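Student: sharing a model prediction with you, sequence too.
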Amino acid sequence: MSRFNTRSARPTVFSPVTTTGRTTTNHQGTVGHLRDARSELFLLAVANFVGTDTFYEAGGERDDRYTALVRTVAVEDPAWMVEFVRWLRHEANMRSAALVAAAETVKGRLDAGLDRVPTTSVRTATMSEVGARTLTVTGGTGYSRKVVDAALARADEPGELLGYWTARYGRAVPKPIKRGIADAVRRLYNERSLLKYDTASKGYRFGDVIELVHPAPEATWQGELFKHAIDRRHNRDEVIPDGLSVLQAAKTLSHLPVADRRAYVLNPSLVASPGGLAGAGFTWERLAGWLQGPMDAAAWAAIVPSMGYMALLRNLRNLDEAGVPDDVAERVAARLADPEEVARSGQFPFRFYAAHKAVQSLRWGHALEKALRASLANVPALPGRTLVLVDQSPSMFPGYPFSTANTSDITLADKAKLFGSALALRAADADLVGYGIANYTVPFHRSDAVLTAMGRFHMEDGTDTPAAIRDHYKNHDRVVIVTDEQTGNMWTRTGLTVDSTVPANVPVYTWNLAGYRTGHAPSGAANRHTFGGLTDAAFRMIPLLESGRSATWPWEQRAAA
């Protein structure tokens, strides 16, 4: 008989979101576990839409906490910060959070006297955010410049970053920001991006950015583009250089009489010609303004072939209202459902649910379900028995009557039940539970669509995660909890905790969807792990940990692969 080499003797594995061993009071008045600065920052960043209220925190309060954490980690571990911001923007697709993180990294490091000193210098800093302790940090040049470049993925973002910096810290822009933006401008500025993003409504036009940061062009055509962008900014752009064919085509179409434009759209050969709508860099927004009239079915049919995936996803209702014919709709649906298109789009799974809620026509339903499943392709198919607990308490519904306002069309509760349903449907044997104070079993069949399973959840008052575990844990191989982690048991007075309710040898995986300061259990080791963000990298962690390998930060997973 095996006496020592049992399941409980598995090697200790670690995950990156780590608690410190210190506790405080959470938003429900019970014990909350404090995390280290990097872990708290990570969870907040992947959940934080800048300036947006949540149930327990006003937007400004969250933003201030985010800024303080960024500055702390920027001084303590700048190399980590650069890779974190790069991943946050380019893989987690968190645009505003990445821009703010980049700007505040620069501010924090400059205030600490770093990135102005040789790389061999060493200084100390006391960081109250992670407790009263002295940290030795390495100064050096380059981190601030790198983090700015890492945060910028779209051509309007250099101007966004400058707008954030000058609104917050004044018109003097430090060199690390200028140099990082210059690096990004060389990657991002082209003819099509100029047409799409360089509008008079922007505080910083492309020409303003170029004049401020002085990027060196990558090629002759880009040098011509930079000069033209400056001329355009100062209203002296009558002549377009020969090397800028897209801008020339756009100018040609702009001179077409308004009375002839709708006939142009109805001529497929003109639309598809090298100088047609796609060749002239037209987006659907630009087409609507150019027509100076309604976007009818013919207009949508003309522009659909050149629309990006996200634009199609967000305009399904407009396509229906315009009455686009079935053959056009079928081509759109085929693109939406294509797994390769889904992967390239980088859309969050809940965006497909949002599109499903927005449309009234049945013709998109199957395509959106297929797209949603494709976006969840990396949700693990867990072996054995899994208990999936999905928090449906009022704090998961921002905008609920006694909650803070939130204009998001997708609540935390929606995201939680989406992921919980997908996990249960893919698992070998799962029990799916919704809970608040009370809890309930959610019935499902393996053949169900994710969207169908989601419709079986409902809100419950209060939050008592330990009671939900107590009522439903029956020797499962693991417990997965999707929640904002703000549990309490003042109603039931059970005295239970999340950690104590599950045997120590059984893994408990928590998906944190809100990024609050405290967790509902220890994490980072000993079969207790917390993840943030509904991303491919997060989905891969459970199989990794259960195979006896420690999990790392998402960008380190990518490098290891």
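Tutor: Received it, and whenever you're ready, just let me know what you need.
Student: convert stretch 30-42 to PDB, retaining C-alpha atoms only.
Tutor: Output for stretch 30-42, consisting of C-alpha atoms alone and laid out as PDB, is shown next (Å, rounded to 0.1, in the frame of the first residue of the first chain):
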ATOM      1  CA  THR A  30     -14.900  40.000   6.700                       C
ATOM      2  CA  VAL A  31     -11.300  38.900   6.300                       C
ATOM      3  CA  GLY A  32      -9.600  39.900   3.100                       C
ATOM      4  CA  HIS A  33      -6.200  38.700   2.100                       C
ATOM      5  CA  LEU A  34      -3.600  41.300   0.900                       C
ATOM      6  CA  ARG A  35      -1.600  40.700  -2.200                       C
ATOM      7  CA  ASP A  36       1.900  41.900  -3.200                       C
ATOM      8  CA  ALA A  37       2.000  45.000  -5.400                       C
ATOM      9  CA  ARG A  38       2.600  43.200  -8.700                       C
ATOM     10  CA  SER A  39      -0.300  40.800  -8.000                       C
ATOM     11  CA  GLU A  40      -2.700  43.600  -7.000                       C
ATOM     12  CA  LEU A  41      -1.700  45.700 -10.000                       C
ATOM     13  CA  PHE A  42      -2.100  42.800 -12.400                       C
END
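Student: starting at the chain centroid, how far to that stretch?
Tutor: Shown here is stretch 30-42, whose average C-alpha point lies 20 Å from the average C-alpha point of the whole chain (C-alpha atoms, centre = their mean, to the nearest Å).
Student: where do the strands of the stretch 101-250 of the chain begin and end?
Tutor: For the stretch 101-250 of the chain, the strands defined by DSSP state E, counting those that start in this stretch cover 122-126, 134-138.
Student: rank the ones you listed by pLDDT, which is bottom?
Tutor: Across the strands of the stretch 101-250 of the chain, the stretch with the lowest average pLDDT is strand 122-126; it has a mean of 34.
Student: what's residue 530 sitting at in phi/psi?
Tutor: In this entry, residue 530 is assigned phi and psi values of phi -120, psi 140 (degrees, to the nearest 10).
Student: what about it, distance to residue 541?
Tutor: The spacing between residue 530 and residue 541, counted by C-beta to C-beta, to the nearest Å, is 10 Å. Where C-beta positions appear, they are placed from N, C-alpha and C, glycine not excepted.
Student: the two - which one has more neighbours?
Tutor: Between residue 530 and residue 541, counted using other C-beta atoms under 10 Å, residue 530 has the larger neighbour count: 27 against 20.
Student: the more buried one reaches residue 523, doesn't it?
Tutor: Yes: with contact defined as C-beta atoms under 8 Å, residue 530 reaches residue 523; the gap is 3.9 Å.
Student: now for those two: what residues contact both?
Tutor: 15, 17, 39, 510 (C-beta atoms under 8 Å, 6 or more residues apart in numbering).
Student: what about the third one, which SS state?
Tutor: This points to residue 39. Remark: residue 39 carries the secondary structure label helix [criterion: DSSP: H, G, I helix; E, B strand; the rest coil].
Student: show me what contacts it?
Tutor: If a contact means C-beta under 8 Å, 6+ apart, then residue 39 has 16-19, 523-524, 530 as its contacts.
Student: now, among the residues you listed, which is nearest to residue 432?
Tutor: When those are compared for distance to residue 432, the smallest value, 20.4 Å, is given by residue 530; criterion: C-beta to C-beta.
Student: any idea how far the closest one is from residue 522?
Tutor: Taken as C-beta to C-beta, the spacing of residue 530 relative to residue 522 amounts to 9 Å.
Student: show me what secondary structure element comes after whichever strand or helix holds residue 253.
Tutor: Using DSSP states H and E, residue 253 sits within helix 245-254. Proceeding C-terminally, helix 245-254 gives way to helix 258-265 as the next helix or strand, assigned by DSSP H and E.
Student: other SSEs contacting that following helix?
Tutor: Based on contacts counted as 3 or more C-beta pairs under 8 Å, 6 or more residues apart in numbering; DSSP states H and E, the elements that helix 258-265 packs against are helix 268-271, helix 284-291, helix 297-303.
Student: pLDDT on it, on average?
Tutor: The model assigns helix 258-265 a mean pLDDT of 95.
Student: any idea of the angle that helix forms with helix 284-291?
Tutor: Our comparison of helix 258-265 with helix 284-291, counting by axes from the mean of the first three to the mean of the last three C-alpha atoms, to 10 degrees, yields an angle of 130 degrees.
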